[in-house]
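Visitor: With the sequence up front, the predicted model follows.
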Amino acid sequence: MGAFLSTAGGNYLSPDDKLAFYSFNAKRVDFLIIDGYGQPAFVVEYQGSGHHMSGTAAERDMLKREAIRKTTIELVEIFDHHSDEEIYSLLHGAVKRNCGRMLKVRTLDAESRAEQSVR
């Protein structure tokens with residue numbers, strides 16, 4: 001199941017043009033990663049081997065990339081040719097860039113709890 005991603009840019013489209021409004025204002029993403037506060041951190045899209053079999057895939061991808069770009073949320077695209085190591089590196093980097101503050105807070109909290117339990 002994909003998550004919906006609402007974009008600010010969609011607010012400028014007239015609801016009278018329903019096709020344009022809905023095609024831009026609500027895009028499905030494969031994975032929406034959230035931070036410790038429940039806020040969107042980054043999007044992960046998996047482009048499998050059959051992804052481009054549809055004649056409209058490139059156009060849909062371009063529209064989705066633009067919609068995600070307007071949200072200022074990072075997009076991580078994983079292709080079927082990526083190795084496990086490459087996927088790990090892409091995801092690890094995105095977590096560090098977008099969730100690093102939460103990781104530090106959680107690490108400090110865990111360390112504080114460990115210190116308190118030793119006392």
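Guide: Great, that's in hand.
Visitor: mind pulling up the phi and psi values for Val43?
Guide: When read as degrees, to the nearest 10, the backbone of Val43 gives phi -110, psi 140.
Visitor: ditto for the one 3 residues further on
Guide: Comment: the main-chain dihedrals of Tyr46 come out as phi -100, psi 120, following degrees, to the nearest 10.
Visitor: which residues touch it?
Guide: Tyr46 sits next to Asp30, Phe31, Ile78 when contact means Cβ atoms under 8 Å, 6 or more residues apart in numbering. Any C-beta I mention is one placed from the backbone N, CA and C, and that applies to glycine too.
Visitor: For these, I'd like a selection string for ChimeraX - just the buried members, please.
Guide: Restricted to buried positions by 16 or more other Cβ atoms under 10 Å, the ChimeraX selection for the contacts of Tyr46 reads:
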select :30,78
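Visitor: Which of the contacts of Tyr46 lies at the shortest distance from Phe42?
Guide: Nearest to Phe42 among those, counting by Cβ to Cβ, is Phe31 at 8.9 Å.
Visitor: How about the contacts made by that closest one?
Guide: The neighbours of Phe31, taking Cβ under 8 Å, 6+ apart as the test, are Ala3, Val43, Val44, Glu45, Tyr46.
Visitor: In this protein, mark out all the strands, start to finish.
Guide: Ranges of strands in the chain, per DSSP state E, are 3-6, 26-29, 31-34, 40-47, 74-79.
Visitor: so which of these comes closest to Lys64?
Guide: Among the strands of the chain, strand 26-29 sits nearest to Lys64 (Cβ to Cβ), with 5.1 Å.
Visitor: Any idea which helix or strand in the protein has the lowest mean pLDDT?
Guide: None of the helices or strands of the chain scores lower by mean pLDDT, DSSP states H and E than strand 3-6, at a mean of 51.
Visitor: Now the phi/psi pair for Ser49, please.
Guide: According to degrees, to the nearest 10, Ser49 has phi -60, psi -30.
Visitor: wait, isn't it in contact with His82?
Guide: No: counting by Cβ atoms under 8 Å, Ser49 sits too far from His82 to count as a contact (11.8 Å).
Visitor: Noted, bye for now.
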